[in-house]
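Asker: Following is a predicted model, sequence given first.
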Amino acid sequence: MIIDDQHYDLIIVGTGAGGGTLLHKLAPTGKKILVLERGNFLPKENENWNAVEVFGKGRYNAQEQWYDISGEPFRPQTNYWVGGNTKVYGAALLRMREKDFEKVQHQDGTSPEWCVKYQEFEPYYTEAEKLYSVHGKQGDDPTEPPRSEDYPCPPVSHEPRMQQICDAISKQGLHPSHLPLGLKLNESDADESFCIRCKTCDGFPCKVDGKGDAEVTGIVPALEFPNVTLKTDAKVVRLHTTPSGREVKAVEAEINGHSYLFFGDIVVLACGAVNSAALLLRSPNEQHPTGLANSSDQVGRNFMKHLMTALVQLSPKPNHTVFQKTICVHDFYWGYSDFEYPMGHIQNTGNLLQEMILTEAPPLLALLSRLMPGLGLRQLASRTIGWWLQTEDLPDPNNRVRVDGSKLHLDYTPNNLEAHDRLIYHWTEVLKAVDKDTNSPVGIYPYSNTTIRVVAHQCGTLRFGEDPTTSVLDLNCRTHDVDNLYVVDGSFFPSSAAVSPTLTIMANALRVGEHLISRLN
């Protein structure tokens, strides 16, 4: 064991949406901060924009196995890089709706109330949107929560085909709106724009630093401060407490095959909902026999990741759109005339490229492609518009992260399924009407649901709350059981809502950051 001879005011484990944002907030304080990241900087290379490498081979996904509820191994679509999963995210940064923070009845159960409400998150949403250069348009989404300020950047413009579809959707009595996107984009001055509106954004790493990701926005600027130290390829394997068990005294990490101990006054986990829970479960001791901070037996429980479906709209005429991920629809978010329960969120996906069809496309579309020669495959890809549908899954204590020896188990059974099926049905009917209105009916709308491998929207596992018998974290995201241990990733969510959790994770990191500044001072 190698003992690091430095003592830090704060140690942050992980550099994604939570850790990277928190570091940006705390770096100017002058406090001595150590950041430990199990990955390295994602290389800028031609493969960044190669669909076969990114999707077919999972070039940037973690090289490890987890195990599902049946004990079967799978390779998770999660990413260990500086910047975490934001290095390959689609940059959709939406606020949770105001009602999402309240108790909401679903057909399959109840989405619990949050102890911290939207009004308390609102200023941090505003701060996060400025930090991550979020583009949007206030007022065109009827479910949008109240805002203290307009979006910091203008909405990303619709290309002609997407505008045509927006107009056709509006004719159905719906309210398509501009999808809020965190991009380093300046459409009025290309020389001032990092983003080039390319066709390889959604799910791809960005070679030109055009995304508002946690590395570019949070980590790299923070490293200019002399009080900040970043160690990459540093996999944290255990937390060690004082004899009383009330404080973490050291963080153990593996670096280049050696074990290191790092000492700090405050430790913050930002490893993602799965790995933060796993780390606590891997850190038992005499005072915490079932895992660190687990007196409630809630560590790892209530894992959520959304019900997600990719749906393809086929067209007889080519879709020349280059950057098509600009639309979202929330008319079904809280239900519809024939279904009183929430259904969820709809947005464009990025372009469906020829190379993606065999590996990522819905089964029917992949089958059609196999019956066509290469030219037909290109034509098929050029006649698609992708849609992404997601529905809130409900917290279930049996949906959980477990650790068995060296194996990480993700026990997950989807729930709230009828609400998601109805969302798919309603959206298919909308697209039929849109295609009829635009004289482009094909009548085939293949779709596929995501598997356990897709954990991009992971949340829950270390829920926050006021009662230490039913929650792991307090309202400042400090563990109830360990005084100097905090968590700022998606673990703290009591419910998942139906929009991406990323902006809420960023806003919460800024909120917790203010608390930590007061504590450090």
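Answerer: Arrived safely. No experiment lies behind these values; they were computed from the predicted model shown. Residues are numbered from 1 along each chain as shown.
Asker: If you drop the residues flanking it in sequence, what lies closest to Ser500?
Answerer: If the residues on either side of it in the chain are set aside, Ser500 comes closest to Ala92, at 5.3 Å by C-beta to C-beta, 6 or more residues apart in numbering. C-beta: built from backbone N, CA, C; applies to glycine.
Asker: The one you found pairs with what?
Answerer: Leu181 (DSSP bridges).
Asker: Ile452 contacts Asp68, doesn't it?
Answerer: Yes - here Ile452 reaches Asp68: they are 5.1 Å apart, a contact under C-beta atoms under 8 Å.
Asker: Mutual contacts of those two, please.
Answerer: Phe74, Leu410, Tyr412 (C-beta atoms under 8 Å, 6 or more residues apart in numbering).
Asker: Count the neighbours of the closest residue to Asn61 other than its chain neighbours for me.
Answerer: What sits nearest to Asn61 in space, not counting adjacent residues and going by C-beta to C-beta, 6+ apart, is Gln77, at 5.4 Å. By other C-beta atoms under 10 Å, 20 other residues sit near Gln77.
Asker: Return the residues in contact with Gln77.
Answerer: Contacts of Gln77 (C-beta under 8 Å, 6+ apart): Gly58, Asn61, Arg453, Val454, Val455, Ala456.
Asker: mind checking how far stretch 467-479 is from the chain centre?
Answerer: Put simply, stretch 467-479 sits 22 Å off its chain's centre (C-alpha atoms, centre = their mean, to the nearest Å).
Asker: Would you work out how far apart the start and end of that stretch are?
Answerer: With C-alpha to C-alpha, to the nearest Å applied, stretch 467-479 spans 11 Å between its terminal residues.
Asker: so where does Leu410 fall, helix or strand?
Answerer: Using DSSP states H and E, Leu410 maps to strand 407-411.
Asker: What segments of the stretch 351-500 of the chain are strands?
Answerer: Assigned by DSSP state E, counting those that start in this stretch, the strands in the stretch 351-500 of the chain fall at 384-391, 400-404, 407-411, 447-449, 459-461, 485-487.
Asker: Provide the contact partners of the first one at residue level.
Answerer: When contacts are taken as C-beta under 8 Å, 6+ apart, the neighbours of strand 384-391 outside the stretch itself are 161, 165, 306-315, 319, 321, 324, 342-352, 365, 416, 419-420, 423-424, 427, 431, 447, 457, 498-500.
Asker: Out of those residues, which sit inside helices?
Answerer: Counting by DSSP state H, these place Arg161, Ile165, Leu365, Ala419, His420, Leu423, Ile424, Trp427, Leu431 in helices.
Asker: Among those residues, show me the least confident.
Answerer: Ranked by pLDDT, the ones in helices among the contacts of strand 384-391 bottom out at Leu365, which has 58.
Asker: ok so, going back, could you flag which of the shared contacts of Ile452 and Asp68 are buried?
Answerer: Leu410, Tyr412 (16 or more other C-beta atoms under 10 Å).
Asker: so which of the shared contacts of Ile452 and Asp68 comes closest to Lys31?
Answerer: Leu410 (35.2 Å; C-beta to C-beta).
Asker: which ones are touching that closest one?
Answerer: Trp66, Tyr67, Asp68, Ile69, Pro76, Val274, Phe303, Val401, Arg402, Ile452, Val455.
Asker: Flag the shaky bits of the chain, pLDDT-wise.
Answerer: 352-379 (pLDDT under 70).
Asker: ok, which stretches of it are helices?
Answerer: So, for the chain - with DSSP H - the helices run 17-26, 51, 118-131, 160-171, 214, 220-222, 273-281, 357-360, 363-370, 374-382, 417-437, 502-520.
Asker: what about the spatially closest residue to Trp114 that is not a sequence neighbour, how many neighbours?
Answerer: Using C-beta to C-beta, 6+ apart and skipping residues adjacent in sequence, the residue nearest Trp114 is Phe101, 4.4 Å away. Neighbours of Phe101 under the rule other C-beta under 10 Å: 23.
Asker: right, and Phe101 touches Lys117 too?
Answerer: Yes - Phe101 is within contact range of Lys117, at 4.9 Å (criterion: C-beta under 8 Å).
Asker: need the contact list for Lys25.
Answerer: Here Lys25 is in contact with Ala509, Leu510, Gly513, Glu514, Ile517 (criterion: C-beta under 8 Å, 6+ apart).
Asker: The fourth one - how many residues pack around it?
Answerer: Per other C-beta under 10 Å, the neighbour tally for Glu514 reads 15.
Asker: Next, the buried residues of stretch 513-521.
Answerer: Buried residues in stretch 513-521 (16+ other C-beta under 10 Å): Gly513, Leu516.
Asker: Stretch 387-399 now?
Answerer: Trp387, Trp388, Leu389, Gln390, Thr391, Glu392, Asp393, Leu394, Pro395, Asp396, Asn399.
Asker: Show me the beta-bridge partners of the second one.
Answerer: According to DSSP bridges, Ala310, Gln347 are recorded as the beta-bridge partners of Trp388.
Asker: hang on, the earlier thing: list buried residues within the contacts of Gln77.
Answerer: Gly58, Asn61, Val454, Val455, Ala456.
Asker: what's the distance between the last one and Val274?
Answerer: Remark: distance between Ala456 and Val274 (C-beta to C-beta, to the nearest Å) = 11 Å.
Asker: who touches both of the two?
Answerer: Thr78.
Asker: on that earlier part again, of Ile452 and Asp68, which one has the most company?
Answerer: Taking neighbours as other C-beta under 10 Å, Ile452 and Asp68 compare with Ile452 leading, 20 against 16.
Asker: How about the contacts made by that one?
Answerer: So Ile452 contacts Asp68, Phe74, Leu410, Tyr412 (C-beta under 8 Å, 6+ apart).
Asker: let's go with 6 Å and repeat that
Answerer: Residues in contact with Ile452 (C-beta atoms under 6 Å, 6 or more residues apart in numbering) are Asp68, Phe74, Tyr412.
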